[in-house]
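Participant: Show me how the following folds:
(chains A and B)
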Number of protein chains: 2
Amino acid sequence: MPGKTRIKLIRSLKDKKNRNRHGLFIVEGDKTVKELLLSDWKVHSLYATEEWLKENPVKGDFDVFPVNESTLRRISLLKTPNHVLALSHLKEADPGKISCHGNLTLVLDNVQDPGNLGTLVRVCDWFGIRYIICSENCADIYNPKVVQSAMGSIFRVKVGYTCLKRFFSSPQNKKIPVYGAFLDEESIYSHTLGKSGFILLGNESRGISPAISGMVDFRITIPSAAYSGDSSESLNVAVAGGIIISEFRRKHFFGQDDG
Amino acid sequence: MPGKTRIKLIRSLKDKKNRNRHGLFIVEGDKTVKELLLSDWKVHSLYATEEWLKENPVKGDFDVFPVNESTLRRISLLKTPNHVLALSHLKEADPGKISCHGNLTLVLDNVQDPGNLGTLVRVCDWFGIRYIICSENCADIYNPKVVQSAMGSIFRVKVGYTCLKRFFSSPQNKKIPVYGAFLDEESIYSHTLGKSGFILLGNESRGISPAISGMVDFRITIPSAAYSGDSSESLNVAVAGGIIISEFRRKHFFGQDDG
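Facilitator: A predicted model of the protein is given here:
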């Protein structure tokens, strides 16, 4: 059984400053923990019911603690705790060392909602996008809600944080086209989207920040098909990201280009 | 100021059984309340800070209560309460009376997450889909989390609950094609999607239920573009809905059909 100090450590990891101090984050739930164990991420420790451990004999260079339901409830951040929880070491991508040339890369400017960030990680995983570059004011990728909504995709898509202005203007990136999602610009359906480049999405309510919008090469829009002007102001950012990335892939990866 | 009984009533509306008993639901936040006031939905009562009321002089056949921040905190379901909250009367669509012929209609089978349902309402609003038909075990459209994530779209897209099996086999609907989203079926990019029909999405983890899947005319899929077989198992249901609806609209509404 984990001791008091260890339980306190686990519980403290709901806060970013403690995650960074200890270099650890929480992974919860049968499916996501199994994906962690299959990944190349370094597991720190694992906490599971006797029943789960019987069904899933785990081995590796990390401590395994059998826990009862009541301890699990104490360490879990979920309302309905699952049978297993693990701590993993952080592994952030270094945006300065990522080669984005020839690939599609998602770039997020101040995306705040953890659920949106997690869903976008899952979208990238589905559509074969390997990297997400986040501005420093985006939600933290190790926030438990991000991990929850990203599911196992968090172990496959690499996420890094940086100053976007510096990132776009760096020698290795400045020739790569930046496609920025705005309202009322050229339709993604008729735009000749390239095979590769940066897809830039902005904040949930304010969109792409003025400091960054000048670095956008192509301003694109998902056109509304509402019957009158009377429709929603915008789409959820994760849905918008999904639609835009799908359209890039449709045109190039699946060879369904109209143009 | 609202009295104790009234505060108790408002707080009770976080539960479905109380919403149904009183025929009321909670609408929170400046933007969504303003959209409610502009809509044809019947407002029951409004609770706002003096400051908000000064900036937004409201009138109509409903009670208006100036409240202080502390009362607002007591009645709000949000962690950071906004300046205004309203109660609206429920207004459910009757699926038996909806004419789906010639239109695209979204149908949801056991979509459980309130955030997903709300986001799908917003997607429909954006793409001009007027009706969503939900199986009876879907999340409740008046759940505060649904209202929050749907934003003002909840007042424009009509949502009704019914038995899907009966709905699809009714005389007015049985000739309308049903497009069901599955994994590993024909790609939405190459499929000749029709101009109208039902788009059916299933549960977050189990997909479309076996009881309903026999009623699907066209089994469609958003193909994965992952580099290897090692990718996420599925997309978030709201993102999947957004991508599928976008593809229907691209082909027909925006006349970008590949042919």
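
Participant: As PDB, could you dump the C-alpha coordinates of stretch A:248-258?
Facilitator: Output of stretch A:248-258 as PDB, limited to C-alpha atoms (Å, rounded to 0.1, in the frame of the first residue of the first chain):
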ATOM      1  CA  PHE A 248      -6.200  18.700 -45.900                       C
ATOM      2  CA  ARG A 249      -6.100  15.000 -45.700                       C
ATOM      3  CA  ARG A 250      -9.000  14.500 -48.100                       C
ATOM      4  CA  LYS A 251      -7.200  16.600 -50.700                       C
ATOM      5  CA  HIS A 252      -3.800  15.100 -50.400                       C
ATOM      6  CA  PHE A 253      -3.500  11.900 -48.400                       C
ATOM      7  CA  PHE A 254      -6.600  10.400 -49.900                       C
ATOM      8  CA  GLY A 255      -6.100  11.900 -53.300                       C
ATOM      9  CA  GLN A 256      -9.600  13.400 -53.600                       C
ATOM     10  CA  ASP A 257      -8.400  16.700 -54.700                       C
ATOM     11  CA  ASP A 258     -10.900  18.600 -56.800                       C
END
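
Participant: who's A:F65 bridged to?
Facilitator: Here A:F65 shows beta-bridge partners A:Y47, assigned using DSSP bridges.

Participant: thought it was touching A:I7?
Facilitator: No - counting by C-beta atoms under 8 Å, A:F65 sits too far from A:I7 to count as a contact (10.2 Å). For every residue, glycine as well, the C-beta is placed using N, CA and C.

Participant: Helix B:237-251 and the longest helix belonging to chain A, what's the angle between them?
Facilitator: When secondary structure is assigned using DSSP state H, the longest helix within chain A turns out to be helix A:237-251. Direction vectors for helix A:237-251 and helix B:237-251, defined by axes from the mean of the first three to the mean of the last three C-alpha atoms, to 10 degrees, enclose an angle of 50 degrees.

Participant: Let me see the residues that make contact with stretch A:3-16.
Facilitator: Taking C-beta atoms under 8 Å, 6 or more residues apart in numbering or on different chains as the criterion, the residues outside stretch A:3-16 that touch it are A:2, A:18-19, A:22, A:24-26, A:47, A:71, A:74-75, A:77, A:85, A:87, A:140, A:142-144.

Participant: which among those end up buried?
Facilitator: Neighbour-count burial (16 or more other C-beta atoms under 10 Å in any protein chain shown) applied to those gives A:2, A:19, A:22, A:24-26, A:47, A:71, A:75, A:77, A:85, A:87, A:140, A:142-144.

Participant: Mind giving me the packing neighbours of the worst-scoring helix or strand of chain A on mean pLDDT?
Facilitator: Comparing every helix and strand of chain A by mean pLDDT, DSSP states H and E singles out helix A:69-75 as the least confident one, with a mean of 91. Helices and strands touching helix A:69-75, as assessed by 3 or more C-beta pairs under 8 Å, 6 or more residues apart in numbering or on different chains; DSSP states H and E, comprise helix A:4-12, strand A:43-48.

Participant: tell me the angle of the helix or strand just after that helix relative to strand A:43-48?
Facilitator: Of the helices and strands lying after helix A:69-75 in sequence (DSSP states H and E), the nearest is strand A:84-89. Orientation note: strand A:84-89 sits at an angle of 170 degrees relative to strand A:43-48 (the same axes, to 10 degrees).

Participant: Spell out which strands sit alongside strand A:84-89 in the sheet and which way each one runs.
Facilitator: When sheet partners are counted by DSSP bridges, strand A:84-89 sits next to strand A:24-28 (antiparallel), strand A:43-48 (antiparallel).

Participant: Rebuild these as CSV, extending it with mean pLDDT.
Facilitator: Below are those laid out as CSV (pLDDT from 0 to 100):
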stretch, mean pLDDT
strand A:24-28, 97
strand A:43-48, 97
